[in-house]
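In: the sequence and its predicted three-dimensional model are supplied below.
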Amino acid sequence: MELTLSQIYQIGGALVLCFVALILSYRASEKFLVSFFVLLIPFQIVDTRYATLNVVLAFLFSFFLYLRKSLTSIPLLPALAAILFCYFLSLTQVHPVQNLDHIYYLIALVSSFLSMALVYNFVLKLKSYEYFFNLVHVLNVLVLLYNVLQMWAGDQYSINLGGGISFSIVPARTGDDLRLAGPFGSTMPGLIAEYLVISILLICYDLICSQNKKKKPYLILLTLANLGCLIATGNRGGLIGLILFFAVFLMSMSNVLGVVRVIKLLASSLVLFVVAAVIVVNYTSYNRLFDRLEGTEIEGGVPDTRSKTWPAAIKLFEEKPLLGHGPRLNLFMEKEMDIPDHTVMDPPPHNLYLFILCTVGLVGLSAYVIFFLAMLSRVGSAIKGETGDVYLDNFPKLATLLILYFLFDQIKIEYLRYTATDYWQYAYMLFGFLLALSDKKKLMLGNRQNSIDSRFGSAALA
């Protein structure tokens, strides 16, 4: 087979990156490795049918940090192990010829669990946890720049840099459904809309709690850019979720803000949204959000865009309700051969819970429910008590809110599609961050209580 110049560059680049990754894993600091990994998550520098570079790096960095005793714990390990066990159980429902494609899926899933562990262990040791907020903001800037490039490229899969070299990019939705799709290797506007809402809530929390006044104008501009991109996705659920959860966020932060600042934030947020809407509607072609909102119809209690996919998924679930049809319902080998006993789900249901029921059944859904309940319980248990640190004291409330938003938003989309493995890593990286800072607050409260107890004990002995 004759390779094109672009393919030769890609193969050469992949080999160089693998070599560099090995050197970095052995020599670089934990701070550098985790920061590099987080910033790379949405982008597919090397993307194959088997795995992305990010999947490989998750295993590589975790292995070397474990050897260095920097990675010492995996949060919620029993719940994660239960989820993985359910996927192996679902493998019994597929023909052996399919196993290889399903194994690729499970490898990518484990890499997302490792991304949670990498971030959790790193953040738990950070002295200045505002560093990770700043890192997430830098990631947000990179994603926004990618979005701008995607708008420019339109339906093109690459941007030509000249000399036979091109920059691959995920194309936007085009034609009659012109919408921003963002990075994360997926063409789903729903996922990037979810990411943008999460980013906006993190920025707002940082705006309220940060003592660094110099960065606040930049955070406001970042909020404006995120709002603009959210409108460009044309995603109705994303906008509805932002309105609902931003209102809950302000109520949860009223103890810090007070009534007057809450009203000011509401007013300024509305102004920012209007400015973003004017820019996107008048100066880009990605202006379908308000038309889609106006044209929304409900059919049998279900949104019009889900009126066929949800009933089809329910019917598929009823065929194998206990263990599902297997980890993946869309395989690479579908285009190469006839697969015996293979069930195709096309299109996917656009609902995480139906997707899980179809793939790993009631047993798998139960494992996911346990995982999310365990995470909510763990961050929720840190809400009470005060350390005197504004960032830490209110963070468990933000963590609870973000997890609930994620679960709410997944009613309209499923992050577990194999084409969105980079988003899996982002989601679990976020979970690791939320768990780490919540646990950090509990550790500080525990240390303070031990200090008080020891003083009383010393006084009693005296």
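Out: Done, it's in.

In: what's the helix or strand where Asp206 lies packed up against?
Out: In the assignment (DSSP states H and E), Asp206 maps to helix 189-209. Using 3 or more CB pairs under 8 Å, 6 or more residues apart in numbering; DSSP states H and E as the contact test, the elements touching helix 189-209 are helix 130-153, helix 216-233, helix 236-252, helix 254-283, helix 390-409, helix 421-461. C-beta coordinates here come from the backbone N, C-alpha and C atoms, glycine included.

In: and the average pLDDT for the second one is what?
Out: If you average the pLDDT over helix 216-233, you get 93.

In: buried residues, it. List them.
Out: Across helix 216-233, burial judged by 16 or more other CB atoms under 10 Å covers 219, 222-233.

In: show me what contacts Ala374?
Out: Shown in contact with Ala374 (CB atoms under 8 Å, 6 or more residues apart in numbering): Leu76, Ala79.

In: over to it. Which of the three states is it?
Out: Assigned with DSSP: H, G, I helix; E, B strand; the rest coil, Ala374 falls in the helix class.

In: closest to Gln98 out of the buried residues of helix 216-233?
Out: The shortest gap between Gln98 and any of those belongs to Thr233, at 33.5 Å (CB to CB).

In: ok, that closest one touching Glu194?
Out: No - contact criterion CB atoms under 8 Å: Thr233 and Glu194 do not qualify, at 9.5 Å.

In: give me the below-cutoff pLDDT ranges for the stretch 51-200 of the chain.
Out: 51, 154-171, 173, 175-176 (pLDDT under 70).

In: can you give me the helices in it?
Out: Along the stretch 51-200 of the chain, the segments classed as helices by DSSP state H, counting those that start in this stretch run 53-67, 77-90, 99-125, 130-153, 189-209.

In: what sits up against the fourth one?
Out: Going back to what we said before, that points to helix 130-153. Against helix 130-153 from outside (CB under 8 Å, 6+ apart): 35, 38-39, 41-43, 119, 122-123, 126, 159, 169-172, 180-183, 192, 195, 199, 202-203, 206, 210, 212, 215, 219, 222, 225-226, 229, 232, 284, 286, 391, 433.

In: can you select the buried ones from the residues you listed in PyMOL?
Out: The buried subset of the contacts of helix 130-153, as determined by 16+ other CB under 10 Å, is captured in PyMOL by this line:
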select buried, resi 35+38+41+42+43+119+122+123+169+170+172+180+181+182+183+192+195+199+202+203+206+210+215+219+222+225+226+229+232+286+391+433
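
In: one step back: point out the most buried one among the helices of the stretch 51-200 of the chain.
Out: Most buried of the helices of the stretch 51-200 of the chain, by mean neighbour count (mean count of other CB atoms under 10 Å): helix 189-209, with a mean of 23.

In: and that one, C-alpha only, in CSV?
Out: Output of helix 189-209 as CSV, limited to C-alpha atoms (Å, rounded to 0.1, in the frame of the first residue of the first chain):
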residue,chain,number,x,y,z
PRO,A,189,-23.4,19.1,19.6
GLY,A,190,-25.0,17.8,22.8
LEU,A,191,-21.6,16.8,24.3
ILE,A,192,-19.8,20.0,23.6
ALA,A,193,-22.9,21.9,24.9
GLU,A,194,-22.6,19.9,28.2
TYR,A,195,-18.9,20.7,28.4
LEU,A,196,-19.6,24.4,27.8
VAL,A,197,-22.2,24.6,30.6
ILE,A,198,-19.8,22.8,33.0
SER,A,199,-17.1,25.3,32.1
ILE,A,200,-19.3,28.2,32.7
LEU,A,201,-20.3,27.0,36.1
LEU,A,202,-16.6,26.4,37.0
ILE,A,203,-15.7,29.9,35.8
CYS,A,204,-18.5,31.5,37.8
TYR,A,205,-17.3,29.7,40.9
ASP,A,206,-13.8,30.9,40.4
LEU,A,207,-15.1,34.5,39.8
ILE,A,208,-16.9,34.4,43.1
CYS,A,209,-14.2,32.7,45.2
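
In: what's the angle from it to helix 130-153?
Out: When axes from the mean of the first three to the mean of the last three CA atoms, to 10 degrees is applied, the directions of helix 189-209 and helix 130-153 differ by 140 degrees.

In: by how many degrees do helix 189-209 and helix 216-233 diverge?
Out: Using the same axes, to 10 degrees: helix 189-209 against helix 216-233 is 160 degrees.

In: check contacts around the residue found closest to Met253 once you drop the neighbours it is linked to in the chain.
Out: Take Met253 and drop its neighbours on the chain: the residue closest to it by CB to CB, 6 or more residues apart in numbering is Ile208, 5.9 Å away. With contact taken as CB under 8 Å, 6+ apart, Ile208 is in contact with Met253, Val256, Leu257.

In: export stretch 388-395 to CSV, keeping only CA atoms.
Out: This file holds the C-alpha atoms of stretch 388-395, laid out as CSV (Å, rounded to 0.1, in the frame of the first residue of the first chain):
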residue,chain,number,x,y,z
GLY,A,388,-12.1,29.3,56.7
ASP,A,389,-11.1,28.8,53.1
VAL,A,390,-13.8,30.2,50.7
TYR,A,391,-12.6,27.9,47.8
LEU,A,392,-12.8,24.7,49.9
ASP,A,393,-15.8,25.5,52.0
ASN,A,394,-18.2,25.9,49.1
PHE,A,395,-16.6,23.5,46.7
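
In: what mean pLDDT does it get?
Out: On average, stretch 388-395 scores 87.

In: please apply the same query to stretch 323-332.
Out: Averaging pLDDT along stretch 323-332 yields 78.

In: alpha carbons of it, as CSV, please.
Out: Backbone C-alpha positions of stretch 323-332 (Å, rounded to 0.1, in the frame of the first residue of the first chain) are rendered in CSV as follows:
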residue,chain,number,x,y,z
LEU,A,323,-27.2,-8.2,30.7
GLY,A,324,-27.8,-6.3,27.5
HIS,A,325,-26.5,-6.8,24.0
GLY,A,326,-22.8,-6.2,24.7
PRO,A,327,-20.5,-3.2,25.4
ARG,A,328,-20.8,-1.8,21.9
LEU,A,329,-23.6,-1.9,19.4
ASN,A,330,-21.7,-0.3,16.5
LEU,A,331,-18.6,-2.2,15.5
PHE,A,332,-15.8,-1.4,13.0
